[in-house]
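Peer 1: sequence plus predicted model, see below.
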Amino acid sequence: MSRSLVAPPEAVLAQRAASDPAHSAWVSANAGSGKTFVLARRVVRLMLAGTKPGAILCLTFTKAAAATMANRVFELLGRWALMDDATLRQTLHELDGQHHGAAELARARRLFAEALETPGGLKVQTIHAFCERVLHQFPFEANVASQFQVLDETAHADLVQRAKLEVLLEAAADPDGPMGRALAYLSTIAADSTVDSLLGEALAAREAMERDVTARGGLDAAMAGLGDMLGVLPHETEAALAAAIVDEAAPPLGEWPSVAEALLAASTAETEVKLAAKLRLAAANEAGRAETYEGIFLTAEGTPRKTLLTKAARAKLASLADALDREQARIAGLRARRKAARLKEGTAALLTLAQAISTRVEAEKARRGALDFADLIARTRDLFAGGAAGWVLYKLDQGIDHVLVDEAQDTSPDQWHIVEALIAEFTAGIGARGQNRTLFVVGDEKQSIYSFQGAEPRKFTELREAFRRRFEAANQPFNPRISLNFSFRSTSAVLEAVDTLFRDGDARRGLSYDDSAAIVHEAARREAPGLVELWPAITPEPREEASPWTAPVDAPGLGDPATQLAARIARHVRIWIRDGHRLPDRDRPIRAGDVLILVRRRGPLFESIIRALKNEGVPVAGADRLVLGEHIAVMDLLALGDCLLTPDDDLSLAAVLKSPLIGLSEEELLELASGRDGSLWDALVADEHPAMATLARWR
């Protein structure tokens, strides 16, 4: 049976409208709707219409996306160069719906060579690569080193880690200094890993952090403003507020035992007995006194207890009951202010360390003449916004007539500032040369995954309207609502289930910021069969506690939800294969290779599914990923590199000698290493060991 896919007419029309080079467009593209297909065709249609390849700038989000798009363009142009007239004429008609003459066919055949011969090549690149090129062109205007190097993620992470270690060591060595106090405070409110993670997040947003702190007049002023916002007075610290729990208690600490006696005399109910016991415990034990006293009035979650006294006790001890009610309100208010004070002090401590680390990182980058990926964006943004912007943009403007932005939902505000600067002249009168100049943006806010890098999906809708107004004010054609709804990957049953789910307002609220457009997915494979089953959630079953002497700590029991779900999936697949269930669109029974099981991440569920399938006798693949650096052969080679570069690294050398690279036994290594005066390398040389010749040659 033929499995070729013919795009529905509506999908073809939408793709043609999106790729039309005569107007600017803002495209919302569902997953699997042919976004890269449309991008590539817009580029070739621009070239076919007479645009020089060097005047087209395609900005993508990843290097892989840039490579895929460039390959699509060159593959398409390469096929055109070899087609006969009839085939090429039909292909171009399918592309734009127009009829093409001999001159246009000849031009289409020349485009492949024209694109290859363009100085600098076709500009399909990540926005970071574009910024790097701009900064190299205008280093003086951007105030960067003319031959700066770009730190990749690994090099930048290493630099940050070194600076972080230096700052933490300095803080530990001076506990009374600002960094020492900051580190001491953070260590009391969070685990080491949490502090490290928070520092990482602060450093990732270092530019915004520094800009905000500077705008507020420094860290102290910024923290005072934070305190005002949180309702914390300047003199209120977490420690002072914690002390007030007992110091300002009413009744005071000295009266707690007598209050306990009065409660027991008034009532023998469990409520009063427990309250009296807690009061006596708090009065007798200084350690944990504040926590015990607070626990009288608040639950573990920090909410006021519904019942402090029984009705009988309230009737007999009316004045005490009123005092306890007031005390409960005071304690609840103190807890809220303590949380606010902790937030303020924790933020101040975190920023103190983060600023110190950031200062060292920036100093080291300046010493090396290096920029990281965030610097590329920030420096280019500042370059376009600075006093030299007119000159820089004029020089760039001479070479850019059409800007295409891919994955727009993951473009950060700073990156949008760069795009806005690039196309500013497109809508300024008739532009620099009066030519048709366009902006093409494609994305899908539902697919945004880079908010941690500053992307704001809501900007996708807001900026669409801003650009629409700008282009319409300049009387330039702009289509703001092209939708690519047809999925070439999935089936109607799956897509209808998705749309049904997100018709609910509460479910949709977290998916889209555009309330005016419905969530609609359509299947290009309209006749393809499909089925969606919703299984009931599996909850943990109660089970007996296993003896810690006989069971591993992390052993899942039979009632473990992941284990139950994995077993159910494996049984279903086994039944399909065993009973010869047939695929609806193929004339044969289901085979194991027809089944794809998707999980959110490789964790306990993933491992359980693999295990369950094997237990059911179902052939399974997928557990073949490994961490390259953790493979024993790679670890041996890394140890070899370490010992060759640093002969005094005895541990690495010992690992190499024991590895298959040399093959010494445990006894041979012990004999060689024990009793030596110097390094293990020196011992090899002195012993004239046969391995030395091999190591010397490798070195």
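Peer 2: Nice, thanks for sending it over.
Peer 1: what ranges do the strands span in the stretch 451-600 of the chain?
Peer 2: Listed in chain order, the strands found in the stretch 451-600 of the chain under DSSP state E, counting those that start in this stretch are 478-484, 486-491, 522-525.
Peer 1: parallel or antiparallel, which strands does the last one pair with?
Peer 2: So the one you mean is strand 522-525. Its sheet considered, strand 522-525 pairs with strand 486-491 (parallel) by DSSP bridges.
Peer 1: how far out from the middle of the chain is the strand it pairs with?
Peer 2: How far strand 486-491 lies from its chain's middle: 26 Å, per C-alpha atoms, centre = their mean, to the nearest Å.
Peer 1: in that strand, what's buried?
Peer 2: Buried residues in strand 486-491, counting neighbours by 16 or more other C-beta atoms under 10 Å, are found at Phe486, Ser487, Ser490, Thr491. Where you see a C-beta, it was placed from the backbone N, CA and C, and this is true even at glycine.
Peer 1: quick one: residues contacting the last one.
Peer 2: Meaning Thr491. Thr491 is in contact with Ala523, Arg525, Ala528, Pro529, Gly530, counting by C-beta atoms under 8 Å, 6 or more residues apart in numbering.
Peer 1: go with 6 Å
Peer 2: Ala523, Ala528, Gly530 (C-beta atoms under 6 Å, 6 or more residues apart in numbering).
Peer 1: so where's this structure shaky on pLDDT?
Peer 2: 1-5, 397-398, 429-434, 448-457, 510, 512-517, 542-559, 624-626 (pLDDT under 70).
Peer 1: which stretches of the stretch 551-699 of the chain form helices?
Peer 2: 561-578, 604-615, 632-645, 650-658, 666-673, 680-687, 690-698 (DSSP state H, counting those that start in this stretch).
Peer 1: which of the ones you listed sits closest to Gln137?
Peer 2: Gln137 lies closest, by C-beta to C-beta, to one member of the helices of the stretch 551-699 of the chain: helix 632-645, at 37.8 Å.
Peer 1: could you give the number of residues near the nearest residue in space to Glu236 that is not next to it in sequence?
Peer 2: Using C-beta to C-beta, 6 or more residues apart in numbering and skipping the chain neighbours, the partner closest in space to Glu236 is Ala341 (5.6 Å). Using other C-beta atoms under 10 Å, Ala341 has 23 neighbouring residues.
Peer 1: same check, this time on Gly78
Peer 2: Using other C-beta under 10 Å, Gly78 has 13 other residues around it.
Peer 1: now do the contacts for it.
Peer 2: Neighbouring residues of Gly78 by C-beta under 6 Å, 6+ apart: Phe112.
Peer 1: tell me which element it is part of?
Peer 2: helix 63-82 (DSSP states H and E).
Peer 1: in which helix or strand does the residue lying closest to Val144 once chain neighbours are set aside reside?
Peer 2: Leaving aside its chain neighbours, Val144 sits nearest to Leu135 (5.5 Å; criterion: C-beta to C-beta, 6+ apart). Under the criterion of DSSP H and E, Leu135 resides in helix 127-137.
Peer 1: what's that helix in contact with?
Peer 2: Contact with helix 127-137 is made by Leu59, Ala142, Val144, Val150, Phe373, Leu376, Ile377, Arg379, Thr380, Gln415, as judged by C-beta under 6 Å, 6+ apart.
Peer 1: got JSON lines for those, with distance to Pro304, neighbour count and secondary structure too?
Peer 2: Listed next are the contacts of helix 127-137 as JSON lines, based on distance: C-beta to C-beta, whole Å; neighbours: other C-beta atoms under 10 Å; DSSP: H, G, I helix; E, B strand; the rest coil:
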{"residue": "Leu59", "distance to Pro304": "55", "neighbour count": "26", "secondary structure": "strand"}
{"residue": "Ala142", "distance to Pro304": "58", "neighbour count": "22", "secondary structure": "helix"}
{"residue": "Val144", "distance to Pro304": "58", "neighbour count": "20", "secondary structure": "coil"}
{"residue": "Val150", "distance to Pro304": "56", "neighbour count": "18", "secondary structure": "strand"}
{"residue": "Phe373", "distance to Pro304": "49", "neighbour count": "18", "secondary structure": "helix"}
{"residue": "Leu376", "distance to Pro304": "53", "neighbour count": "24", "secondary structure": "helix"}
{"residue": "Ile377", "distance to Pro304": "49", "neighbour count": "23", "secondary structure": "helix"}
{"residue": "Arg379", "distance to Pro304": "53", "neighbour count": "21", "secondary structure": "helix"}
{"residue": "Thr380", "distance to Pro304": "54", "neighbour count": "27", "secondary structure": "helix"}
{"residue": "Gln415", "distance to Pro304": "48", "neighbour count": "24", "secondary structure": "helix"}
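Peer 1: farthest pair in those residues?
Peer 2: So, the contacts of helix 127-137 by C-beta to C-beta: farthest apart are Leu59 and Val144, at 20.5 Å.
Peer 1: so who does Trp305 touch?
Peer 2: Quick fix: residue 305 is Arg, not Trp. Here Arg305 is in contact with Thr299 (C-beta under 6 Å, 6+ apart).
Peer 1: next SSE downstream of the longest helix seen in the chain?
Peer 2: The single longest helix within the chain, with elements called by DSSP state H, is helix 318-368. Toward the C-terminal end, the helix or strand that comes next after helix 318-368 (DSSP H and E) is strand 370-371.
Peer 1: find the nearest non-adjacent residue to Ala142, please.
Peer 2: Distances taken as C-beta to C-beta, 6+ apart place Leu383 nearest to Ala142, at 4.4 Å, with adjacent residues excluded.
Peer 1: okay, and the one you found sits in which element?
Peer 2: Counting by DSSP H and E, Leu383 is part of helix 373-385.
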